[in-house]
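Novice: output the structure for:
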Amino acid sequence: MAREEAHGHLFHFVPVFLGAGAVTWFSMAEPPGVLALSILLGLFAAGALAVRYGRPLTAYGLLVATLFVLGMLLANVETWRGGTVILDTPVTTVVSGIVERREAGSKGEWRYVLRVTATEDPQIRRPPERVSLLARGKHEPAPIGGYLSGRARLSAPSGPALPGLNDFAFASYFDGVGAVGFFLGAPQSRSRPDEGGAETWWLRFDRALFSLRDDISTRIRSVIPGDPGAFAASIITGERRSMSKDATEALRLSGLAHITAISGLNMALAAGIFFVGLRKLLSLLPGLAHAVSIKKLAATGALIGAFAYLLISGYQVSAVRAFLMTAIMLVAVLFDRPAISLRNLALAAIVIVAVTPSAIMGPSFQMSFAATAALIAGYAAWRDRPARRWLPEINFPGATALRWSWGVIAGTILTSLIGGLSTAVFAIAHFHRLAPHSLEANLAAMPLISLIVMPAGLVAMLLMPFGLDAPLLVAMGVGLEWVLVIAREVSSWGEGVGFLQPPGWFLPVASLGLLFLTLLSSVWRHVGTLLLILAGSALLAGPVGTERADVLVSEDGRLVGLLQPPATVATNRVRPPSFLYDQWSAALQLKAHVAPAELAVSAPQKTADRGRVQRTPAGLDASAERMRKKLADIEAGRFICEPKTWCMARLTSGWIIATVEDGALVGKACDIADLVISERRTSFPACLSGAVLMTAETLRRSGAIELRLGDRTSRQFTVEASFNGPPRPWTQHRYYDWRSGTFQMTPTPSTSDKSIPDAIKGNTAAPAMPLEATISDNGE
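Specialist: Numbering: from 1, shown residues only. I've put the predicted structure just below:
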């Protein structure tokens, strides 16, 4: 410890403990409040000051506790500061709002982010402040700052597709977007209403900045057509939606997708080109070069250029993080300090965790800092290695150029290898897949990016105000076309190595191992090697101690899957929604899908009552009779379905599962099946027959679930839910009841064997719906 402190390495762990506190607060079911955290922070800080000259381990322990509690407090403050209203239930309404962001898609569609000013037909009682809407209909694109209106289908951002997977609502909450959806038809641009007050300078500046960004993207795509133009726009302005799906997939499978995100690579190349270029130009002025430090002038110019790049990129989280790291390095040059050091990386991490602690929960933050820390530590180890000459030095014509070329190639290989290995654990934990040929792809593509694409792009941006940018943009497009050729070729070699969803402890253990390995220099760093070996062994052995789930249920109850060994799933949908199924397939490494067998039946008998279309009692009885008759014919492990009505499946364990789309059939299904899943609300909380009932209301609160079935006779099973415990701010919308206008704060039940069945059957705190609503056929 003394050696690490003498070398200043303990400071590297300041953002680690701050981040650990933030992660703990975000992950807790019931975190402590601001008052409790403030008191704890004061006590630990006072204790650390009191013993700072006493016993070292006690002082270190109190300092760690202080940083940990401070991280929790920062997470609490950011959550309170966000205050995003998330839509509580899907709705179709007329949305009107001001365009704050827009991005063009690859097929002519537009994605708008609207600041909502009004909703009507129906009027939403608890409207989100901002929504993200896709417009596929042909229309004149609304400019940023314009006023757009149209009928749209709105939904809350999706929760995890399975317990433990990515929660999109969490990210949307901190991004300030409360709903996502699409326009039904083409939206209409209208005159902007008077909002009853002058806009703040920040809103005007933000709109002008994003208008400039949009103009630059449009200019780039007009000069460079197709995917290369979309690729160029993603590198310069961060707009990635206009790239085709095939190109995006090729970049992902080849391990080159990191180029499209404005992160450390792009920012470092931009700042480096500014720095080297300005320094070379200023060196042509001998008088100036002898009078002042042109190195510091170049660093100042590079800092200004990097900041301009940040503004044009729309100050995305990854871009902000990269800019902070670059800015600290350039400021270090101004004060004659080492530009590349782990201390500068720690300073950048402290700033980000202090301002946006939620960023640490995402893969972008984790992979970016892991790669940067590993590269800096690797560079330091290479610099401090004993000088050895493996081959005798031979001088011949061109030897210097050959040695320089070999140095560039070796550096690129080593950089790609270190970056790939350091981010592998996060790619496995979040995406369940690794690109095995990313080294070859990066080795071939990075010289094009460094020597052609980025220099041409940056000079084109400088010349764009004068209308002289076209030749350089064309050169940039040619370079990116070659990169896409490399990506398509490498992606054709294989789809990568897939991994099952690792156990919950994998990511913390692997992250801790990587931190020990990169941030320390004494024998303690070998603890990191052992932790990484332990995490890698867990991957090779597969999830240990975790029984495979039998049934998967999406959060809306529309998609239900039956897992079968070795890697097959049978669902109740002929074409499962790709958004959900792709996540299931990646996390569970599914290889085959068994579609349901569909019955051909005549249209059900219906009647009209008080303006509502309902099934007749005879039609309900006929559907129930078909359900009973088909039980004997059901192939074990496969659904049989009556389209838009019901599906049935019998498992080899004897369990009978029914999924119901027609709410009027829930009661009939309860008399036949052991487990009934309804994608609609019901007027009763439980099945009188004793069958387990899961409805849209219970699933809305629990999120997607995994079921492990036990004894059928006693109907024992365990549930792993996506959300447990009281609601958090990003899940609070799941408890809002629009009929009463209140939050029904009934916590999600525990997952014990005995309590779950009764809790699920009784977890309907919302007011009962009239029978007419449950059996209506028009989706209302």
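Novice: pretty sure Asn344 is touching Ala332, no?
Specialist: Yes - using CB atoms under 8 Å, Asn344 is in contact with Ala332, at 6.0 Å. In short, each C-beta sits where N, CA and C put it, glycine included.
Novice: buried stuff in the longest strand anywhere in the chain?
Specialist: When the chain is parsed with DSSP state E, its longest strand is strand 91-104. By neighbour count on 16 or more other CB atoms under 10 Å, the buried set for strand 91-104 is 91, 93, 95-104.
Novice: quick one: residues in contact with the following helix or strand past that strand.
Specialist: Note on strand 91-104: by DSSP states H and E, the next helix or strand toward the C-terminus is strand 110-120. Strand 110-120 is contacted from outside by 93-105, 127-135, 141-142, 147-148, 177, 187, 193, 195, 241, using CB atoms under 8 Å, 6 or more residues apart in numbering.
Novice: after strand 110-120, which helix or strand is next?
Specialist: Counting by DSSP H and E, what follows strand 110-120 is strand 130-135.
Novice: give me the sheet partners of that following strand and which way each runs.
Specialist: Applying DSSP bridges, strand 130-135 is found paired with strand 110-120 (antiparallel), strand 179-183 (parallel).
Novice: of these, flag the one that's most buried.
Specialist: strand 179-183 (a mean of 22; mean count of other CB atoms under 10 Å).
Novice: just the CA trace of that strand, in PDB.
Specialist: Extracted in PDB, the C-alpha atoms of strand 179-183 (Å, rounded to 0.1, in the frame of the first residue of the first chain):
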ATOM      1  CA  ALA A 179     -42.100   7.800 -24.600                       C
ATOM      2  CA  VAL A 180     -41.300   6.200 -28.000                       C
ATOM      3  CA  GLY A 181     -43.500   5.400 -30.900                       C
ATOM      4  CA  PHE A 182     -44.400   6.200 -34.500                       C
ATOM      5  CA  PHE A 183     -46.700   8.500 -36.500                       C
END
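Novice: other SSEs contacting the helix or strand just after that strand?
Specialist: Using DSSP H and E, the helix or strand that directly follows strand 179-183 along the chain is strand 188-190. Other helices and strands packing on strand 188-190, by 3 or more CB pairs under 8 Å, 6 or more residues apart in numbering; DSSP states H and E, are strand 147-155.
Novice: packing partners of the very next helix or strand once past the strand it packs on?
Specialist: Counting by DSSP H and E, the next helix or strand C-terminal to strand 147-155 is helix 168-175. Using 3+ CB pairs under 8 Å, 6+ apart, the elements in contact with helix 168-175 are helix 56-82.
Novice: what do you get if the cut-off is 7 Å, keeping everything else the same?
Specialist: Applying 3 or more CB pairs under 7 Å, 6 or more residues apart in numbering; DSSP states H and E, we find helix 168-175 packed against no helix or strand.
Novice: now do that helix against strand 179-183, angle only.
Specialist: 100 degrees (axes from the mean of the first three to the mean of the last three CA atoms, to 10 degrees).
Novice: orientation of helix 168-175 relative to helix 56-82 in degrees?
Specialist: Interaxial angle of helix 168-175 relative to helix 56-82 (the same axes, to 10 degrees): 80 degrees.
Novice: what about helix 168-175, average pLDDT?
Specialist: Per-residue pLDDT over helix 168-175 has a mean of 93.
Novice: and what of stretch 622-640?
Specialist: Across stretch 622-640, the average pLDDT comes to 83.
Novice: so the nearest residue to Gly654 once chain neighbours are set aside: helix, strand or coil?
Specialist: Distances taken as CB to CB, 6 or more residues apart in numbering put Arg712 closest to Gly654, at 4.6 Å, once the chain neighbours are dropped. Under the three-state scheme (DSSP: H, G, I helix; E, B strand; the rest coil), Arg712 adopts coil.
Novice: these two touch, right, Arg712 and Leu651?
Specialist: No - counting by CB atoms under 7 Å, Arg712 does not reach Leu651; the two are 8.7 Å apart.
Novice: looking at these two, which is more packed in?
Specialist: Neighbour totals were compared for Arg712 and Leu651, and Leu651 leads with 20 against 15 (other CB atoms under 10 Å).
Novice: so who does that one touch?
Specialist: The neighbours of Leu651, taking CB atoms under 7 Å, 6 or more residues apart in numbering as the test, are 550, 562, 636-637.
Novice: how close does it get to Pro685?
Specialist: When CB to CB, to the nearest Å is the yardstick, Leu651 and Pro685 sit 25 Å from each other.
Novice: same question for Leu463.
Specialist: Leu463 is 68 Å from Pro685, by CB to CB.
Novice: check which helices and strands the helix or strand in which Trp482 is found is in contact with.
Specialist: When elements are assigned from DSSP H and E, Trp482 belongs to helix 470-491. With contacts defined as 3+ CB pairs under 7 Å, 6+ apart, the packing partners of helix 470-491 are helix 201-223, helix 226-236, helix 245-254, helix 438-448, helix 454-463.
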